[in-house]
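**Student:** take a look and give me a structure for this.
(one chain, ligands or ions: 1)
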Amino acid sequence: MEKVEFECRKCAKTVSVEQRKISPFCPACGTLLNVKAQPKHWLFQFNPSIYKWFDRIQNTREPEQWLISQHFQLIHKDDLVAIWSSGQKAGIYALGKIITNPKQSLLNLGQEKYFLEEYDIGKFQEKYSAYVEYFKICLEKPLLKEECNKDTVLSNMQILTNSLGTNFRLTFEEWVRIQTLIGN
Ligand SMILES: [Zn+2]
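**Tutor:** As a prediction, this is how the structure comes out:
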C-alpha cells in the first residue's frame, strides 16, 4: 500500500501524516505542505549526431546533466527515466533516476566536450536541467525502436508518433513494460 506523506516544495523536507495533523506548515521553513508526489516516469531523448552520449558512457558512469526543455514543472527528483537515442539505431539504451530537481544551471565542464556544437551548450544557460543517475545501461542489447513498434504496450509511446523534443512522459504501464523487456 502507498504510504501517504507530505512534503515541502521549498526545502524538500518530508513530513508524516501525524506531523501534518499538528501543523500544515513545514517545520523547517514554514511553507504550506503538499501531498508528496509519487515518482513519475519519463523518456529523455538525445541525438547522437549532436551529443556523443555513447562516447561519454564509455568514459564515465557519473550522473549526467540533462536539459529539461519540456514538463519542467512536473519533473522531480526521484522520478524514473528511460534514455532514448534517435538516429539509425534508435531505441532505449539506459534506465536511470532523476537525482536533482530541475533548475537553471550551466552545463558542467566534464560534459561539454561531448557536445558537437557550442549552440547546444548555450541552451543550458537559459533552460532548466537536472541530473540523472543510471542504474541500468544496455549498450549491447538496447530495446530498439523496431521492437517497440511491434509491442502492444510500447507502440503507443509518444516518441514513436511525435519525436520532437527532449523530455517525454511515459505511462506507468509503459515503464513496467520497458523494464520487463530490458530484463531488469
Ligand atoms: Zn520547508
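**Student:** just the residues contacting the lengthiest helix in the chain, thanks.
**Tutor:** Taking DSSP state H as the criterion, the chain has its longest helix at helix 172-182. With contact meaning CB atoms under 8 Å, 6 or more residues apart in numbering, helix 172-182 is reached by 41, 80, 82, 92, 95, 136, 138, 141, 143, 147, 151, 153-154, 156-157, 170. C-beta: built from backbone N, CA, C; applies to glycine.
**Student:** that helix - what's its average pLDDT?
**Tutor:** Mean pLDDT, helix 172-182: 95.
**Student:** in that helix, what counts as buried?
**Tutor:** Glu174, Trp175, Arg177, Ile178, Gln179, Leu181, Ile182 (16 or more other CB atoms under 10 Å).
**Student:** okay, that helix in PDB with CA atoms only?
**Tutor:** Provided in PDB are the C-alpha atoms of helix 172-182 (Å, rounded to 0.1, in the frame of the first residue of the first chain):
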ATOM      1  CA  PHE A 172       3.400   3.600 -15.600                       C
ATOM      2  CA  GLU A 173       2.400   0.700 -17.900                       C
ATOM      3  CA  GLU A 174       5.000   1.700 -20.500                       C
ATOM      4  CA  TRP A 175       7.700   2.000 -17.800                       C
ATOM      5  CA  VAL A 176       6.900  -1.500 -16.400                       C
ATOM      6  CA  ARG A 177       7.000  -3.000 -20.000                       C
ATOM      7  CA  ILE A 178      10.300  -1.300 -20.700                       C
ATOM      8  CA  GLN A 179      11.800  -2.800 -17.600                       C
ATOM      9  CA  THR A 180      10.500  -6.200 -18.400                       C
ATOM     10  CA  LEU A 181      11.800  -6.200 -22.000                       C
ATOM     11  CA  ILE A 182      15.200  -4.800 -20.900                       C
END
